[in-house]
Structure formats: structure tokens, C-alpha cells
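Peer 1: Just the structure for this:
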Amino acid sequence: MRYGVLPALSVLGLITGCGRIDFTPPSGGAGGGGAGGPGSVAAGELAAGYKFACAVRDGVIWCWGDDHDEQLGDGATTPRAVPGPVSGLSDARAVAAGGAHACALRSDGSVSCWGHDAQGQVGVAPHGDVGAPVQVAGLGGEAAALALGGHHSCARLADATAWCWGGNDQGQLGMAGPDTPSPRQVLDDVTAVAAGDAHTCALRGDGSVWCWGRNVEGQLGDGTTTGRAAPMPVPGLTASGLIARGNFTCALAGGHYRCWGDDHDSQLGDGMFTAESSPVAASMIDALPGVSMIGPGFAHACAVHDGDVACWGDGDNGEVGKASRSSSAMPVEMLTGGHAIAAVGGDDFACALLDDRGVKCWGLGSSGQLGDGTIASWTPQKVALPVAAMGIAAGADHSCAITVDNNVYCWGNNGDRQVGNGDGSPIPTPVATGVANAVQLALGVKHSCARLSGGTVSCWGDGSTGALGNGTFAENSPPVPINGLSGVTAIASGNGFSCALIAGGAVSCWGDDSEGELGDGKSGARQDVPQTVSGLNLSSTLLTAGASHACVAATMGSAGMMCWGEGVRGQLGDGAGVNSRPVAVSGAGTQVTQWRPSQIAAGGFHTCAVDDAGELRCWGDNNDGAIGDTTTVQRLTPVPVMPVGVAVISITAGDSATCAQTTGGPYCWGDNFVGQLGDGTTTARHAPVAVHLPVAISSAPVVGDQHACALAASGDVYCWGDNSLGQLGNGAFTVALQPVAVRFP
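Peer 2: Numbering: from 1, shown residues only. Below you'll find the predicted structure:
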């Protein structure tokens, strides 16, 4: 299950004079340098957006990666794993990339843009996406450089004025007022402009740096976290170079780098992990010899030094190349050999331009953004299990199967040992966990549990919240039994907690309780041993868990359904929309006017139930269409989903997607960003769509964060969707921890 959404990405921090980064060589001190002499086109030849990249070749711009918002400029919406030309451009001098839009600086000084245009960032009236370049009208002269943010665009003109257009919800256009597709002059005497996600900075002729826009992380550098719609100088700073990205900014001052803003992943290069609202010395950058340029990503950055490339900051997807796939405060060498002349960063990947004009990229490749011809699998791929499986489960970014000999095998993300074996690195093919006699699996975000044939439970992975139930808060544990827990008939796991259904209908939970998900009424205190859920008035036979809530149902006698924990998105189904101890789900019961639950499933922030007539109802968060009622409206009480006459056989739910096995075959709906719905596309679906499986299945596919798996009657397992952590189990990743060559035609 996925429990966080990345904000929109800001992009290539600064392109000036034929694409040159305005870092002039310092007279002394560590670091410093430029991207080449006057007229150098190194930086402007390459740009990276959120999950796409572009490069200039002989006036033609070639783009690759995500294309959901037509940011590849070819008039299509299909992600591409190898470069393709942008339509109608043959005279480009430089390219810049925004969150999901891009712009070209053309030989006559005009600017043409394409891609996502919801806020006018392409330079035309907001109307969605623009699939081919359109010229930006209203600039006050010839452009000399471009800087694109998440949803806005800026240009420095030849007369040294700075102009901006597009989104202005944070004042990033440098003036009060609404979004606008028409360029507006912001400052004069400007030598460079840099754009972050929702903030902008300019370097002026006297060396002063002026910033405006969003400031929650201190990215304006004025010592506050107060946003500003008008340019204000960064106090006490005189600089000769400037870059910005995401929520941070850096300047070259006196031959040394000084940075400010977001530093949660140590992207400021100061060796710390603390946001700074005023410039601080970027000592890690200054320690690199011969730095010629900095290419910032969303939460990481790379430096070209003596022709090599070193990166630091967020490394969860390999963008800084660490085998541990974690953030790094120290620069990690990514390219050696002295052939790099420029580097750019995207959301979770980076690329370098070489002196032979070749390009290499590394990091996440789920949308083809590495340009090497690989992409995440949007259609089912067979998992290479040693023997046939009889049960499967999906966690956030890992998967497990019980084979016919009752052994447990897992694969995928293993950063917290949730795969149960290995050194913490992602595992792309199934490995034995050592757990035997298993009859049921329950996978959370960072931990896993198995119910054994004798009615006991073993768990493994991250136990820092008590989710392993073994009396400790130890992290990264191999499989351990839960002492004192017996007679278990069902288990379920959420984000840092687990629950067990005991013979007779009682329920015990353990782990995180920050949202009341343990249901024990102990004021949010996490528990490392099972606690009895209080207030249940059902003799429960079914159990499920979402991100921070859980539900039970009784299928016999006085039937009904109750849920507890986080309820602010309506996932408890009682109509209140608040966190709560166990409450009854609206409409579930035994009266003539009610429905009797026969199956239940909880996703990240939504819940579903099938009644004994095969009718499906869902409720809770619906931003991505996970409810399946054709809308994105949050539902506080159950609403019907499947078309009349289609009976549901079984149901599963992931973070923001849902799947069902029906009398007409498997269907999924909801978020589909990396193809987790299995319909061969990456288009979100607000109503059920058929899964394109090559074999028949008898139960609903299991859904994780951005991947899903299905069990065939033969015992074969098929998975699809995101594979960045090996969660498809087919022996491959779409993550490159080392640079791979972009496959230009």
C-alpha cells in the first residue's frame, strides 16, 4: 500500500545563454567552476522533469519517459522508454523541463512549450494538456534562458529582464493574483533565473539574490518560512551563480556553495538533515575537487567535478547509487572517467551529458525515464517460484506466496527485512523465508506475518512500532513467533500494526496505535504484544486491515460489520468521518433492509464488502477512484460498485486501487500510475476495468502500493505494475543503481 504522494516536481534549475549554467569559475577555494566557456550548450542540451527527460540534438529535441500529460511533445500520451522527437521543432538551442511540461529556447529567441497546462504554464489558456509545442506569446523580447518550476515557467530575456507565467498559487510569479498564461515582467537587471517547485529566485547584476513564492521549507532564504508574492533579497548574500529545485536553492558565493530550504534528505550538501531558512555552507559540495556545475533533483543533487559525477541526498530509488537504496549526506560517485560535462536531476532519477554528447541515466525507470528501453511491466509477468503456489499476498512494495508444501517465499522491497531474508537490498526473485506450515499471509508496508497451521502467528521485518508482536520494538527482524497468541483463525496487517481473529470471535491487535488502529482504547500508545480490541459486539468471522484502520464482520447469526481506527476519510463507513473505537458500518446487518457481509477488504484509506448475494459496496477515500463508483467523491457510507447483474466472487484492496474476481473475470479500478490495474495502460480508472491476464484465475488479484499479483489455477503467480524494488518477482528491476546509456535512435 502507498501512504504518501510526491508533490509536483520542479525542474532544471537554471539554463542561461545557450543553455549554460551561470556558475563562473571562482578565483580560489574548493569547488566552483562553470559548465564551459561563453556559448557552451552543455546544460541546455539536457533537462529532466518529474519522470521524463529531454535532450537537444542538432536543433531537434528528443524526449523519453512519462507522457501522461503529453510532456514528450509527440501528441501522444504513451510513456516511452527510448527517446522520440518533439513534433515541429528543428531549431532548438536549449530545452528546459518542468513538473510535467517542457519548453524550448529557439534560435530566434522565441520560446515554445508543451505538456501539462492546467495553470497556464505552457503559455496558453489553461485547458489540460498541450501535445505539441506552441509559441509563448507576450514576452517582451528575445529570450536568453529558461527556468521551469512544477507548474510555472520563467525566462530571462536578452535585455536582462525576468518574465514568468503559469501557476501562481504560492506567488511564484512574483506578484499577487491568479494563475496566468501571459508572461509578466518580474525584475530587471537579472543575470540568471532559477525555479523550484513553487518558488523562484533571480541573480541580479550586483550579485544580490532575490526570491519569491512558497517558503514552507525556508527555500526563499530570508530566515523565515513565510511565503512571499513579491521578490525579496536574500539577506547578506552576494553570489555569482544560482540553482533551485524542489524546495531548495543554492548559490555560488565567493567560490563556495551556500544552500537553503528543504534538507530532509540532506540535499543541501551540508551533511545534515535539517531544513535551513538561511544560506548555510554546503561543505560536502565544496569538498569535491574541480566542481564545474550542480544539477539539482527534487530531493537530491549531483555535481560534475573534474569530469566525474557525484550525487547526494534522496537515494530511495537509486538516484545516488547506494546499494542500501537510502539517502546519503556524503556525495557518492556515480560516473568516473572524466567524460561528464553536465548533470540534471528529476524526481527519482538523474542523467549526465558526456563529452561525446552521449547521455547516461540512473535511478527509477518505472516510466521509461532512464531511456534505456526498459519500463515497468503494465501487463502480468510470471513469477519464478520453485514450486506451485496456493496463496499470495501483496505488501506496499513486496510480495509473498505460500507454496503447496506450506513454505513461504517473498520478493521485492527488503529495506526493513520484510522479505525475511537477505541483507536489506531489494530482492527481484522469490527467496525462502524459513517460515513453514503457513496457511495465510498478511503483509503490511514494512513487515510481514504468517498464520501457521497450528493457529499461531510469526512476523518479520520492521518492528519499531511493535508490529511484530514479540515483546520488543526491534527493527529489521527475521521471522519470530508471537508468544501467547493461539487459536488464530485469520490475520491482517496495516501500516505498522497487525491484528488476529481468535476462535470464538475476539480480536487482538498490536503495533502502531497513533490513529486508534489497535482498538484497545489506550490513548494511542503503541503496543509490542497483542491487545484485545474492546467494544466489539459481533462474533466475528472476517478480518481486514487498511493503512490505519481495521474491520471485522460476522457472517452468521446476528450478522454485521464494525470498523475502528482512522476514519477521517470515511473508511470506517459509519457516516461520521472521524477516528473512532469500533463502530458499526452503515447498513450492514440482518434486517430485511440491510445487507449481510460475506467478504471484506480494506485498502489504504478505503474499505469494501461483498454481501451474500455477490453485490459489492465500497466507502472511504476516492481521490484515485478506488471506490469504483465512476466518481472521485469521498464516501462516508457504503455505495454500490459493480454493474447490476455482475456478481463478485472475491475482493481485495490496495493503497488506492481495488480488485475483484467476478462471474465475468477479474476487474480492477483506481490509481494506475504505473500500470497496477493490469489493463495494459497507465490511465486511472474510476470504474472497474478487465485485467488482461493470460491465464484464468479463481480469486481476486492482490493489490499492493503500485503493483498487483494473481494466482492461477496451475499454481503459477503473475504480477504487474511497478517493479522498481523487484516486486514483480521476475528477476528484473526498473531501477538502475549505476548509469545506463540512453538508447537514442
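
Peer 1: Sketch out the low-pLDDT regions of the stretch 1-150 of the chain for me.
Peer 2: The model of the stretch 1-150 of the chain has pLDDT under 70 over residues 1-43.

Peer 1: let's see it at 80
Peer 2: Counting by pLDDT under 80, the stretch 1-150 of the chain contains low-confidence residues at 1-43, 127.

Peer 1: Also the stretch 451-600 of the chain?
Peer 2: Checking the stretch 451-600 of the chain against pLDDT under 80 turns up 523, 557, 590, 592.

Peer 1: just the strands in it please.
Peer 2: Using DSSP state E, counting those that start in this stretch, the strands found in the stretch 451-600 of the chain span residues 457-461, 477-481, 488-493, 497-502, 507-511, 527-532, 542-545, 549-554, 560-565, 580-584, 597-602.

Peer 1: ditto for the stretch 601-745 of the chain
Peer 2: With DSSP E, counting those that start in this stretch as the criterion, the stretch 601-745 of the chain has strands at 606-611, 616-620, 635-640, 648-653, 657-662, 665-670, 685-690, 702-703, 707-711, 717-721, 735-741.

Peer 1: In TSV, list the strands of the stretch 451-600 of the chain along with mean neighbour count and distance to Asp262.
Peer 2: Using the backbone N, CA and C atoms, a C-beta is placed for each residue, glycine as well. As requested, the strands of the stretch 451-600 of the chain are exported to TSV (neighbours: other C-beta atoms under 10 Å; distance: least, C-beta to C-beta, whole Å):
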stretch	mean neighbour count	distance to Asp262
strand 457-461	27	29
strand 477-481	17	32
strand 488-493	22	32
strand 497-502	27	29
strand 507-511	27	30
strand 527-532	20	33
strand 542-545	24	32
strand 549-554	28	30
strand 560-565	28	31
strand 580-584	19	35
strand 597-602	24	33
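
Peer 1: His606: what's it in contact with?
Peer 2: 546, 569-571, 618-622, 626-627, 653, 656, 658 (C-beta atoms under 8 Å, 6 or more residues apart in numbering).

Peer 1: ok, now with 10 Å
Peer 2: Neighbouring residues of His606 by C-beta atoms under 10 Å, 6 or more residues apart in numbering: 546-547, 549, 569-571, 573, 618-624, 626-628, 634-635, 653-658, 670.

Peer 1: before we move on, the earlier item: tell me which of the strands of the stretch 601-745 of the chain lies nearest to Gly505.
Peer 2: Distance to Gly505, taken as C-beta to C-beta, is lowest for strand 606-611 among these, at 17.6 Å.

Peer 1: Sheet partners, orientation included, of that closest one?
Peer 2: Using DSSP bridges, the strands paired with strand 606-611 are strand 597-602 (antiparallel), strand 616-620 (antiparallel).

Peer 1: and the shortest one with strand 560-565, angle?
Peer 2: Using axes from the mean of the first three to the mean of the last three C-alpha atoms, to 10 degrees, the direction of strand 616-620 lies 20 degrees away from that of strand 560-565.

Peer 1: mind saving the C-alpha coords of strand 616-620 as CSV?
Peer 2: Taking Å, rounded to 0.1, in the frame of the first residue of the first chain, the C-alpha atoms of strand 616-620 are listed here in CSV:
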residue,chain,number,x,y,z
LEU,A,616,-20.1,-5.1,-3.8
ARG,A,617,-20.1,-1.9,-1.8
CYS,A,618,-17.2,0.4,-1.0
TRP,A,619,-16.6,3.5,1.0
GLY,A,620,-13.8,5.9,2.1
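
Peer 1: so how far is that strand from its chain's centroid?
Peer 2: Here strand 616-620 is found 25 Å from its chain centre; the criterion is C-alpha atoms, centre = their mean, to the nearest Å.

Peer 1: Also stretch 502-518?
Peer 2: When C-alpha coordinates are averaged (C-alpha atoms, centre = their mean), stretch 502-518 and its chain have centres 29 Å apart.

Peer 1: for it, how far is the first residue from the last?
Peer 2: End-to-end distance for stretch 502-518, by C-alpha to C-alpha, to the nearest Å: 15 Å.

Peer 1: can you check stretch 586-605 too?
Peer 2: Counting by C-alpha to C-alpha, you get 17 Å between the two ends of stretch 586-605.

Peer 1: Which stretches in the stretch 51-200 of the chain count as strands?
Peer 2: Ranges of strands in the stretch 51-200 of the chain, per DSSP E, counting those that start in this stretch, are 52-57, 60-65, 80-85, 92-97, 101-106, 111-116, 129-135, 143-148, 152-157, 162-166, 180-187, 190-195, 199-204.

Peer 1: closest one to Leu441 among those strands?
Peer 2: Per C-beta to C-beta, nearest to Leu441 of these: strand 80-85, 32.8 Å.

Peer 1: What pairs with that closest one, parallel or antiparallel?
Peer 2: Using DSSP bridges, strand 80-85 pairs in its sheet with strand 60-65 (antiparallel).

Peer 1: Could you list the buried residues of the partner strand?
Peer 2: Using 16 or more other C-beta atoms under 10 Å as the burial criterion, the residues of strand 60-65 that qualify are Ile61, Trp62, Cys63, Trp64, Gly65.

Peer 1: Tell me who's in contact with Val209.
Peer 2: By C-beta under 10 Å, 6+ apart, Val209 lies in contact with 192, 194, 201-203, 220-221, 231-235, 237-239, 241-242, 249, 251, 253, 258, 279.

Peer 1: what's the answer for Met390, then?
Peer 2: Residues in contact with Met390, defined by C-beta under 10 Å, 6+ apart, are Ala401, Ile402, Thr403, Val404, Asp405, Asn406, Ala438, Val439, Leu711, Gly715.

Peer 1: List just the nearest of those residues to Ala736.
Peer 2: Ala736 lies nearest to Ala401 out of the contacts of Met390, by C-beta to C-beta, at 27.0 Å.

Peer 1: any chance of the strands paired with strand 606-611 in CSV, plus distance to Lys51?
Peer 2: Formatted as CSV, the strands paired with strand 606-611 follow (distance: least, C-beta to C-beta, whole Å):
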stretch, distance to Lys51
strand 597-602, 29
strand 616-620, 28
